[in-house]
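Student: predicted model and sequence follow; I will ask about them next.
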Amino acid sequence: MKKTAQLALLVFAFAASSSLAWAQVPNRESDVHACAAKYPEAFACAHSGRPCSTDFVILCARDLGDGWGVNGKRGNPRDLSQDILAFRDGGTAVDVTRGNAPMEIVDICGGCGAPGQRVVWSPGPGGPGDRGAWVDPFSVQPSSGAGGPGPAPFPSAGWEARHSDVLMRLAAQGVNHNGLSTRRAAEQFAFSFPGEGWGMKSADPSRPASHDVLARQLNGSLVGYRIVPPARNPPLFNLTGQHFIPVAPVNHVGDVPSGPSPVPVPPLPIPTPVPPATAHGDVLQAIAQLRTLVTELHQKMDRQDLALRDAVATAEMAAQSAAAAAGTQQDTRNRIEDVLTAVDLARQALENPPTYSGPAKFSGTLTLRPKR
């Protein structure tokens, strides 16, 4: 009973470790579907026994990048699997060409070579401990010549001893990916070798940056150097059609820019500041004229308002005077009429003096004396 429990525990531990190892392998099934759509003829030929049988795994591994390659069957890099990819940076299989370093093999084609073949994603088809060999997909060429050229000849004028020195110093810092980070390397190269066009790359603008290839714009072309794992003479690849990612220069190793370096690209000239009056003379003049016109308009409106107020006040005074004058004239007219009436009465009295027909009241003489 005790042995049975121990055996069960060992099986569980082994399964758990295998699951953990498989969890380290990124799932790229959606990218394999994209490869099948991109290379339909190569996918149809996979595992068919024809010369193009390995074309699909080669082309797909190139597009995936980031540690993906082709698998050498049972550790033989000259005998390539026709439907399996190899992952270099961890897994349950072993790479016999790298001292049994951990790797993973993933079956990506179900029923290949027969009608109804389809894309699958099946890590570890041979089980834990399976023997394989990671093969750089750019070191082999599809039979159809599709996918662009393979690795360029090396050594190349694009890589020199000074580049190797900086790369080895970065690798010694033990950052990531066997002691090296591609972004860190790109930033350092941009600092140490200004004007040489160092940066990162991705398969296209929508894909993530590569984790193992350092990119460079060289003589009008895009090339790349596989620097993971680090080596003094990394292989050079033609990256025509892929996407260059510029990086900011950062000094990670505390060094000064290495020489000899090409003549750096001169910075853009700083434009000489132009006085606003010269640069925008017409606009400023129009604004000044408009400001003057508005001021004059306000002044004119103030004058008109004042004149209107004066006119209203004058009219009110004239109306009052006219009313007063009208009342005075009426009084005078009435008085004149009274006088004329009295004059008429006096004239009538003179012309027709009154007569007295009654008895005499007195006799004698009536003397009129002036009033004293």
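Tutor: All right, it came through fine.

Student: buried stuff in stretch 223-233?
Tutor: Under the neighbour-count criterion of 16 or more other CB atoms under 10 Å, stretch 223-233 has 223-230 buried. Every residue, glycine included, has its C-beta placed from N, CA and C.

Student: how about stretch 209-216?
Tutor: Per 16+ other CB under 10 Å, stretch 209-216 contains these buried residues: 209-216.

Student: chain center to it, what's the gap?
Tutor: Between the centre of stretch 209-216 and the centre of its chain there are 24 Å (CA atoms, centre = their mean, to the nearest Å).

Student: hmm, who's touching it?
Tutor: Stretch 209-216 has contacts (CB atoms under 8 Å, 6 or more residues apart in numbering) with 65-67, 158, 177, 182-183, 185-186, 189, 196-203, 222-228, 234, 237, 239, 242, 244-245.

Student: separate out the buried members of the residues you listed.
Tutor: 65-67, 158, 177, 182-183, 185-186, 189, 196-203, 222-228, 234, 237, 239, 242, 244-245.

Student: among those residues, name the ones in strands.
Tutor: Secondary structure defined by DSSP state E assigns 198-202, 222-226, 237, 244-245 of the buried ones among the contacts of stretch 209-216 to strands.

Student: show me which of those is closest to Ala42.
Tutor: Closest approach between these and Ala42, by CB to CB: Phe237, at 19.5 Å.

Student: max pairwise distance over the buried residues of stretch 223-233: which two?
Tutor: Greatest spacing in those, by CB to CB: Val223 and Pro229 (19.3 Å).

Student: can you list the buried residues of stretch 223-233 in TSV and add distance to Ala307 and pLDDT?
Tutor: Output for the buried residues of stretch 223-233, formatted as TSV (distance: CB to CB, whole Å; pLDDT from 0 to 100):
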residue	distance to Ala307	pLDDT
Val223	86	87
Gly224	86	88
Tyr225	89	88
Arg226	92	85
Ile227	90	87
Val228	91	81
Pro229	96	79
Pro230	94	81
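
Student: same list (the residues you listed) but as CSV, adding distance to Ala342.
Tutor: Putting the buried residues of stretch 223-233 into CSV (distance: CB to CB, whole Å) gives the following:
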residue, distance to Ala342
Val223, 137
Gly224, 137
Tyr225, 140
Arg226, 142
Ile227, 140
Val228, 141
Pro229, 146
Pro230, 144
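
Student: can you list the buried residues in the longest strand along the chain?
Tutor: Within the chain, and with DSSP E defining each element, the longest strand by residue count is strand 101-110. Residues 101-109 are the ones in strand 101-110 that count as buried (16+ other CB under 10 Å).

Student: for the chain, just list every one of the strands.
Tutor: 68-72, 80-87, 93-95, 101-110, 118-123, 131-132, 134-135, 198-202, 213-218, 221-226, 236-238, 243-246.

Student: need those in JSON lines (columns: distance to Pro40).
Tutor: Output for the strands of the chain, formatted as JSON lines (distance: least, CB to CB, whole Å):
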{"stretch": "strand 68-72", "distance to Pro40": "20"}
{"stretch": "strand 80-87", "distance to Pro40": "16"}
{"stretch": "strand 93-95", "distance to Pro40": "29"}
{"stretch": "strand 101-110", "distance to Pro40": "13"}
{"stretch": "strand 118-123", "distance to Pro40": "12"}
{"stretch": "strand 131-132", "distance to Pro40": "27"}
{"stretch": "strand 134-135", "distance to Pro40": "24"}
{"stretch": "strand 198-202", "distance to Pro40": "23"}
{"stretch": "strand 213-218", "distance to Pro40": "26"}
{"stretch": "strand 221-226", "distance to Pro40": "26"}
{"stretch": "strand 236-238", "distance to Pro40": "24"}
{"stretch": "strand 243-246", "distance to Pro40": "23"}
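
Student: just give me the lowest mean pLDDT stretch among these.
Tutor: Comparing mean pLDDT across the strands of the chain, the lowest value falls on strand 236-238: a mean of 78.

Student: that one: how far from the chain's middle?
Tutor: The answer for strand 236-238 is 32 Å, by CA atoms, centre = their mean.
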